[in-house]
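A.B. asks: kindly return the folded structure for what I paste below:
(2 chains)
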Number of protein chains: 2
Amino acid sequence: MSSPAVGARAADGVFDGLREDIVAGRLTVGERLPSEAALAERYGVSRPSVREAIRSLQALGLTRTRTGSGTYVVSDRPALSLGYGDFSPRDLSEARPHIEVPAAGLAAERRTEEQRAELVALCDRMDATIDPEEWVDLDSRFHVLVAVASGNAVFARAVGDIRDALSHQSGVVNLIAHRREPSSREHRAIAEAIGIGSAIEAREAMRAHLGAVERVVSPLSEPASRD
Amino acid sequence: MSSPAVGARAADGVFDGLREDIVAGRLTVGERLPSEAALAERYGVSRPSVREAIRSLQALGLTRTRTGSGTYVVSDRPALSLGYGDFSPRDLSEARPHIEVPAAGLAAERRTEEQRAELVALCDRMDATIDPEEWVDLDSRFHVLVAVASGNAVFARAVGDIRDALSHQSGVVNLIAHRREPSSREHRAIAEAIGIGSAIEAREAMRAHLGAVERVVSPLSEPASRD
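C.D. replies: Sure, this is the predicted structure:
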C-alpha cells in the first residue's frame, strides 16, 4: 500500500522532472512524452499521479495531449502570466511590501479577538484542504483580512483592489513552485505575531513571506520582461 | 489704492483673528460679532474682506448669520471633519507616506516627458488660480498624477481610491491653516525632483510635503479622537 508513491507530492515530482526537461531542452518542442506507463515506472508513481502532472504541464501551456496519439511538447516556456487584470507581476512585487508590511504591524496593535480567531481559522483550513483552488482562495482572504484588521481603510481598500491578482498569482506560483506548504507556515507565523500583538514580529513575518514569494516570482517573470 | 488691505490675504487676517477669539473663548457661544463696519475698521480691511472671512467662519460651523440681526457665535470648535467618505484623518495620515513616498521615487525614474510637463503645468495653475475650489482640485490631480507616473498600477489605484478624501481634507486645511502657498511650493519641489529624475529627492520632497500636511492636520483631528 505504500508503493508506488501517490497523491499530490508524487505528481509534483513528475511535474518538476518533465518541466525541467522541457525548459532545459532535453525534451524539445514537437517531441512526444513517454507513455503514462513508462513515466509511472521511471518516477515510481501511480498512473493517476502521472496524469495529474501532465494536467499541470498543460495548465502552464508546455504540453498538449492529442486523443489517441499522446502528449506533445508545444512550448519550452510557461505561458501563464503572473500578473492579472490591471496589475503586472512588477506592480505587485513592488507595491505589496509598502502596503502589507505596515498593515500587518497595525493589525498586531488593533485586531479584534474575532479577527485574531479568523486568521488562525484560515491557517487551519489552509493546512487541511487538499483542493488547490480553495487554498488559493484562503490565501487571498488571509491577506485581505490582515489589511482589514489593520483598522486602516486605505490599506484595506488597496489590498481589496488587488485581491483577484493575488489569487491568480498564488495559483500559478503553487502550480510551478509548490509553495503551498512553506506558504502555509509563513501565514501561520504572521497570524501568530498578530495574535500576540507584536507589531515588530508581524511586520517581520509579513516581510519574510513577501520576500519568499518574490524569490519565486522574480525569475518566473523574467522572460516576459525581456519582450 | 493700497489701503485698506483687500483680497484673500486681508480676509485671512480677519478670519484668523475671529477664529482664535472664538476658540479661545474671548467670543463666546451665543455672542454677536461686531458689525461689518467695526470689524473692517479694527482689522484695517475692506467690508468685502470681512464678509469673506465671515463666510469662512460659517463654513467651519463656528458662526451663523441671521438676516437683519447680525452674525452670532454658534460653536467654539470647527465642525468640519478632516476625513471623507470611508476614510478617516488617521487612515490618510497613516497610509499616505507608505504609498506616496515610494510612488514619487518611482515616478522620478519612470515618468514620461508628457507626465513631467503636466506636473509642472499643474503647479503653474496652482500658483495662478485665485479660486480655492480649483486649487483643491489641482492638488488632488497632482497627487494622482505622481502615482500614475510611478508606472505602478497598485499605487495609482490606491491614490485614485482616496482622491475625493484628499480633496476634501485639502479644502478644510486651506480654510483653517492657509496652507495654499507653502503647499504650492512643496508641490513644485516634488515636480522638479521628478523632472530631473532624482528618486531620492522626489521621495524626500514628498515626505516633507506629507509631513507638513500632517503637522497641520494632527492637532485639528485631536478633538474628534477624544470622543
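A.B. asks: my guess is A:V120 contacts A:A191, does it?
C.D. replies: Yes - the criterion here is Cβ atoms under 8 Å, and A:V120 meets it with A:A191 at 5.5 Å. The C-beta positions use only the backbone N, C-alpha and C, and glycine is treated the same way.
A.B. asks: looking at those two, which is more packed in?
C.D. replies: More crowded of A:V120 and A:A191, by other Cβ atoms under 10 Å in any protein chain shown: A:A191, with 26 against 15.
A.B. asks: packing partners of the helix or strand in which that one is found?
C.D. replies: Using DSSP states H and E, A:A191 sits within helix A:180-195. Using 3 or more Cβ pairs under 8 Å, 6 or more residues apart in numbering or on different chains; DSSP states H and E, the elements in contact with helix A:180-195 are helix A:89-110, helix A:113-128, helix A:132-149, helix A:163-177, helix A:199-225.
A.B. asks: which residue, other than its chain neighbours, is closest to the spatially most central residue of chain A?
C.D. replies: When chain A is reduced to its mean C-alpha position, the nearest residue by Cα atoms, centre = their mean turns out to be A:N174, at 2.9 Å. Take A:N174 and drop its neighbours on the chain: the residue closest to it by Cβ to Cβ, 6 or more residues apart in numbering or on different chains is A:R180, 5.2 Å away.
A.B. asks: report how many residues lie close to the one you found.
C.D. replies: Counted with other Cβ under 10 Å, A:R180 comes out at 21.
A.B. asks: ok, now how distant is it from A:Y84?
C.D. replies: 19 Å (Cβ to Cβ, to the nearest Å).
A.B. asks: quick one: secondary structure of the residue lying farthest from the centre of chain A?
C.D. replies: Distance to the chain centre peaks in chain A at A:G68, reaching 32.6 Å (criterion: Cα atoms, centre = their mean). The three-state label given to A:G68 by DSSP: H, G, I helix; E, B strand; the rest coil is coil.
A.B. asks: ok, it - contacts?
C.D. replies: Contacts for A:G68 (Cβ atoms under 8 Å, 6 or more residues apart in numbering or on different chains) come out as none.
A.B. asks: now swap in A:V23 and tell me
C.D. replies: A:V23 neighbours (Cβ under 8 Å, 6+ apart): A:D76, A:R77.
A.B. asks: go with 10 Å
C.D. replies: A:L62, A:S75, A:D76, A:R77, A:P78 (Cβ atoms under 10 Å, 6 or more residues apart in numbering or on different chains).
A.B. asks: quick check, A:R32 in contact with A:T71.
C.D. replies: Yes - with contact defined as Cβ atoms under 10 Å, A:R32 and A:T71 form a contacting pair (6.9 Å).
A.B. asks: which one of these two has more residues nearby?
C.D. replies: Applying other Cβ under 10 Å to A:R32 and A:T71 shows that A:T71 carries more neighbours, namely 23 against 13.
A.B. asks: give the helix, strand or coil label for the more buried one.
C.D. replies: strand.
A.B. asks: so what sits opposite it in the bridge?
C.D. replies: Counting by DSSP bridges, A:T71 is bridged to A:T65.
A.B. asks: surely A:T129 touches A:N174?
C.D. replies: No - using Cβ under 10 Å, A:T129 makes no contact with A:N174, being 11.9 Å away.
A.B. asks: pull up the overlap in contacts between the two.
C.D. replies: In contact with both A:T129 and A:N174: A:W135, A:V136, A:R180, using Cβ under 10 Å, 6+ apart.
A.B. asks: minimum pLDDT in the residues you listed, which residue is that?
C.D. replies: In terms of pLDDT, the least confident member of the shared contacts of A:T129 and A:N174 is A:R180, at 85.
A.B. asks: that one and B:S170: what is the separation?
C.D. replies: 46 Å.
A.B. asks: and if you look at A:I162?
C.D. replies: For A:I162, the distance to B:S170 - Cβ to Cβ - is 26 Å.
A.B. asks: neighbour count winner among those two?
C.D. replies: A:I162 (28 against 23).
A.B. asks: ok, that one - contacts?
C.D. replies: A:84-87, A:91-92, A:95-96, A:99-100, A:140, A:143-144, A:147, A:169, B:153-154, B:157-158.
A.B. asks: which of those are buried, as a ChimeraX select command?
C.D. replies: Burial among the contacts of A:I162 is assessed by 16 or more other Cβ atoms under 10 Å in any protein chain shown; the matching ChimeraX selection reads:
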select /A:84,87,91,92,95,96,99,100,140,143,144,147,169 /B:153,154,157,158
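A.B. asks: and the end-to-end length of stretch A:191-207?
C.D. replies: One end of stretch A:191-207 to the other measures 13 Å (Cα to Cα, to the nearest Å).
A.B. asks: how is chain A carved up into domains?
C.D. replies: When chain A is parsed with automatic domain parsing, its domains come out as A:4-73, A:89-220.
A.B. asks: which of these has the lowest mean pLDDT?
C.D. replies: Looking over the domains of chain A, mean pLDDT reaches its minimum on domain A:4-73, with a mean of 86.
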